[in-house]
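Trainee: Return atomic coordinates for the entry below.
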Amino acid sequence: MSLSIKLPTCLLSTLSATRARTLNKLSVCVMTLAACGVSAVHADATLTYELTEADGNKTVKQFSTARFFVRIDDPADTNQYLLFQAGKFFPLYSVDSAKKSYTRLTPEVIPYMSPESRIHHGANNTTSAVKNDSEQTAGTVNKPAPIFKPTKKTQLVAGIECRVVHELLDNKPVIEHCMANSARLGITNREVITISRLFEMSRNRDYGWLGVGTKDEEFVSIQSRDLRHNSALQLTALSAKPLPEGSLRIPPSYKEITSASQQATPDSKAE
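Mentor: A predicted model of the protein is given here:
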């Protein structure tokens, strides 16, 4: 024997109306979140900065990043670029697309961790470790972390709201930064961490890019101005378009060129 329950027509109409109102509220909520940019968080990002040196000379730096990797391009030189991985060993490569070659600027790392194509060393080669984990690359000096003093001032840079922060030296402001987090930039936390470590690498190598990240790696500079020399770094554009396939890998056909510092033996360095 089967049981059947018949609900009154008025009750069915009430339930249908309630369900319709609930779905309508959910739709409005989703559209509101989209309008506020809550869902506009992207894994790929290209940040374009303009660097103004103390003498007024201007150059453009384009940072294309996805997760741990970042490619540094100078639009004025389309043949050469840098590849950096913000991972455990922080490998940095200089790539020449005209000569189809690359040079490792940092000590050798485990191949599968590097931006090189796995074809170079084999996909399962995991036995090669860092030659000398404490080795310092020529031109690299680990510098102390910057000391910051936040202000209550905010401003817009390339349409992005950022917080003004002073970098101190001997308790005096020397560089004024305007910093933003992933929510303001519309990119993931992973890409913000990568940009933060990119700026740290550039300082250790004296590239003069001025940008920094906070100690917790949650905020990065989108504008930096040296109060002593009037040099500046400023974000001019940010794109969240997917990066071209393979743009963060060294093509497998490229040949490695050993740098002069890598060719030198410990004895020759001592001389």
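Trainee: Listing request: residues of this structure with sub-threshold pLDDT.
Mentor: 1-42, 88, 108-141, 259-271 (pLDDT under 70).
Trainee: The same query, at a cut-off of 90, please.
Mentor: Scanning the chain for pLDDT under 90 picks out 1-43, 54, 67, 87-90, 106-145, 229-230, 258-271.
Trainee: what ranges do the helices span in it?
Mentor: 9-35, 182-185, 189-204, 260-263, 266-270 (DSSP state H).
Trainee: For the closest residue to residue 180 other than its chain neighbours, list the residues it contacts.
Mentor: Counting by C-beta to C-beta, 6 or more residues apart in numbering, residue 180 lies nearest to residue 162, which is 4.3 Å off, once chain neighbours are set aside. Heads up, the C-betas are built off the backbone N, CA and C, glycines and all. By C-beta atoms under 8 Å, 6 or more residues apart in numbering, the contact list for residue 162 reads 154, 155, 156, 178, 179, 180, 184, 222, 223.
Trainee: Now do residue 213 against residue 242, distance only.
Mentor: 24 Å (C-beta to C-beta, to the nearest Å).
Trainee: And for residue 212?
Mentor: 28 Å.
Trainee: With neighbour numbers in mind, choose between these two.
Mentor: residue 212 (24 against 11; other C-beta atoms under 10 Å).
Trainee: Hmm, residue 167 and that one touching each other?
Mentor: Yes: contact criterion C-beta atoms under 8 Å: residue 212 and residue 167 qualify, at 6.9 Å.
Trainee: anything in contact with each of those two?
Mentor: If you check residue 212 and residue 167 against C-beta under 8 Å, 6+ apart, the residues they both contact are 146, 175, 177.
Trainee: How about the first one, nearest residue that isn't a chain neighbour?
Mentor: Closest residue to residue 146 in three dimensions, ignoring its sequence neighbours and counting by C-beta to C-beta, 6+ apart: residue 167, at 4.9 Å.
Trainee: Tell me who's in contact with the one you found.
Mentor: Taking C-beta under 8 Å, 6+ apart, one finds 146, 147, 148, 149, 173, 174, 175, 176, 177, 212 in contact with residue 167.
Trainee: follow-up on the earlier one: so which of the shared contacts of residue 212 and residue 167 is the most crowded?
Mentor: residue 177 (26 neighbours).
Trainee: which among the contacts of residue 167 gets closest to residue 94?
Mentor: residue 212 (23.1 Å; C-beta to C-beta).
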